[in-house]
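1. A structural model of the following input is requested.
(one chain, ligands or ions: 1)
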Amino acid sequence: MNYDISEGEAGLPDEPEMLRGIAVRLKSFNNDRGSLIPILQDIQDKFLYLSPGALVMVAEHLGIAPSEVYGVATFYNQFRFHPPGRHPVKVCLGTACHVRGGDIILENFERKLGISDGGTTPDREFSIERVACVGCCALAPVAVVDESIQGHMAPSKVEGIILGFQIERDKLDRERQKK
Ligand code: FES
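-> Residues are numbered from 1 along each chain as shown. This next block holds a predicted model:
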């Protein structure tokens, strides 16, 4: 993914910047209902999520109610409504992972991070989403953290992964303070 507008603190554009970018992109779409899904896909592809302001802009462009745009967007689980974290966590709930306790792994990540499936921590460090089979069922249950496959997941590994990132962040903070 790349941006042609300036990025905010967390590596994503600030919402006003994002909305300006969306306004430009909307010009290339017809204002009929058939454009709704392609527009939402385009925005998410470019900006990684659909903000409330983005949904309102899409509604205005198409001349329909924001609630209708929201209703369609939430019908498809391909769309996300929170910015992704710096460390995206994807928990596989495909059949093989599900029967080996993938849902318990998801619950553990949710509890440890204090967010639900589809959410992002307030500091934007982590986001969680459930995904379908990621193609390595022999390692079930599987999570993908920062694009790295974590096989044979267990609750203790969930804790270890999060702790590893926290230690790394503390180390970076200390190094920054020394400068
Ligand atoms: S079902 Fe999880 S990797 Fe295939």
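2. and the pLDDT at residue 9?
-> pLDDT, residue 9: 41.
3. tell me the secondary structure for residue 168?
-> Look at residue 168: counting by DSSP: H, G, I helix; E, B strand; the rest coil, its state is helix.
4. nope, residue 124 is what I meant
-> coil.
5. quick one: it and residue 83 touch, right?
-> Yes: counting by C-beta atoms under 8 Å, residue 124 touches residue 83, with 6.3 Å between them. (Each C-beta comes from the backbone N, C-alpha and C, glycine too.)
6. touching the ligand at all, stretch 105-115?
-> No: applying C-beta under 6 Å from any ligand atom, one finds stretch 105-115 separated from the ligand by no less than 10.4 Å.
7. give me the buried stretch members for stretch 137-152, please.
-> Neighbour counts over stretch 137-152 (16 or more other C-beta atoms under 10 Å) mark 137, 139, 140, 141, 142, 143, 144, 145, 150 as buried.
8. quick one, what contacts the second one?
-> Under the criterion of C-beta atoms under 8 Å, 6 or more residues apart in numbering, the neighbours of residue 139 are 149, 151, 152.
9. surely the second one and residue 137 touch.
-> No: shown here, residue 151 and residue 137 do not form a contact pair, counting by C-beta under 8 Å, at 9.9 Å.
10. by proximity to the ligand, which residue of this protein wins?
-> Residue nearest to the ligand within the chain: residue 94 (2.5 Å; C-beta to the nearest ligand atom).
11. could you find the closest non-adjacent residue to that residue?
-> Closest residue in space to residue 94, ignoring its immediate chain neighbours: residue 133 at 3.2 Å, by C-beta to C-beta, 6 or more residues apart in numbering.
12. which SSE is the nearest residue to residue 145 once chain neighbours are set aside in?
-> Counting by C-beta to C-beta, 6+ apart, residue 89 is the residue found nearest to residue 145 once chain neighbours are left out, at 5.3 Å. In the assignment (DSSP states H and E), residue 89 maps to strand 87-92.
13. could you point out which element follows that strand?
-> With elements assigned by DSSP H and E, the helix or strand that comes after strand 87-92 is helix 95-99.
14. walk me through the domains of the protein.
-> The chain is divided into the following domains under automatic domain parsing: 15-75, 87-178.
15. all set now, cheers.
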